[in-house]
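1. my questions concern the predicted model and sequence given below.
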Amino acid sequence: MEMKIFGKVYQLPLWLEKTLNVLRKIGSVLKSIAKWIYRLRGFFMAIPVVLAALYLATKNMARLPDEVGINLLANGQYEYLISRGLAVMGPLVITGVCLVMMFLSRRTVFPWLISIFSLVLPLLIYITNVFPA
């Protein structure tokens with residue numbers, strides 16, 4: 001194999017040719033792996049969000065009272081009382097909708113970030129119902 005460097009042609013030794021061929025094959029395998037990871041990026045990004053949302057939903061289902069207050073007023077009363085199931089499933093549905101938007105969008109990072117921020121809802125519901133102001 002000949003290699004041209006700065007206009008001069010050099011003959012490579014046989015061991016270097018074999019090494020370069022092996023490195024090219026390794027590079028092509030790594031390139032195809034990177035291509036598949038990029039194609040499945042939405043799936044890989046969704047896994048931790050789904051696991052965290054399900055974890056928070058199961059924890060809130062066990063910890064929240066039967067009736068959950070929403071929108072704490074200045075006098076210490078809640079404006080709305082909803083069932084525990086709705087308080088758990090509401091944020092879970094919002095996170096699911098954000099993940100569906102992520103899968104349908106060409107830009108996956110923005111809806112993914114929104115789904116990360118939607119994981120704050122179960123925590124806020126729990127904190128406002130256990131530790132009212």
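-> Yes, it's here.

2. buried stuff in stretch 14-30?
-> Judged by neighbour count using 16 or more other CB atoms under 10 Å, stretch 14-30 contains no buried positions. All C-beta atoms are positioned from the backbone trio N, CA, C, and that covers glycine.

3. list of residues touching the one helix or strand in the chain whose mean pLDDT sits lowest?
-> Ranked by mean pLDDT, DSSP states H and E, the weakest helix or strand in the chain is strand 2-5, scoring a mean of 76. With contact meaning CB atoms under 8 Å, 6 or more residues apart in numbering, strand 2-5 is reached by 9, 10, 11, 12.

4. okay, whichever strand or helix holds residue 95 in PDB with CA atoms only?
-> Residue 95 is part of helix 84-104, with elements assigned from DSSP states H and E. The C-alpha coordinates for helix 84-104 follow below in PDB (Å, rounded to 0.1, in the frame of the first residue of the first chain):
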ATOM      1  CA  ARG A  84     -55.700  10.200  45.300                       C
ATOM      2  CA  GLY A  85     -55.900   8.300  42.000                       C
ATOM      3  CA  LEU A  86     -56.300  11.500  40.000                       C
ATOM      4  CA  ALA A  87     -53.500  13.200  41.800                       C
ATOM      5  CA  VAL A  88     -51.200  10.200  41.000                       C
ATOM      6  CA  MET A  89     -52.400   9.600  37.400                       C
ATOM      7  CA  GLY A  90     -52.500  13.300  36.300                       C
ATOM      8  CA  PRO A  91     -48.700  13.900  36.500                       C
ATOM      9  CA  LEU A  92     -48.100  10.400  35.100                       C
ATOM     10  CA  VAL A  93     -50.300  11.200  32.000                       C
ATOM     11  CA  ILE A  94     -48.600  14.600  31.600                       C
ATOM     12  CA  THR A  95     -45.200  12.900  31.600                       C
ATOM     13  CA  GLY A  96     -46.500  10.300  29.100                       C
ATOM     14  CA  VAL A  97     -47.800  13.000  26.800                       C
ATOM     15  CA  CYS A  98     -44.400  14.700  26.900                       C
ATOM     16  CA  LEU A  99     -42.700  11.500  26.000                       C
ATOM     17  CA  VAL A 100     -45.100  10.900  23.100                       C
ATOM     18  CA  MET A 101     -44.200  14.400  21.900                       C
ATOM     19  CA  MET A 102     -40.600  13.500  22.100                       C
ATOM     20  CA  PHE A 103     -41.000  10.400  20.000                       C
ATOM     21  CA  LEU A 104     -43.000  12.400  17.400                       C
END
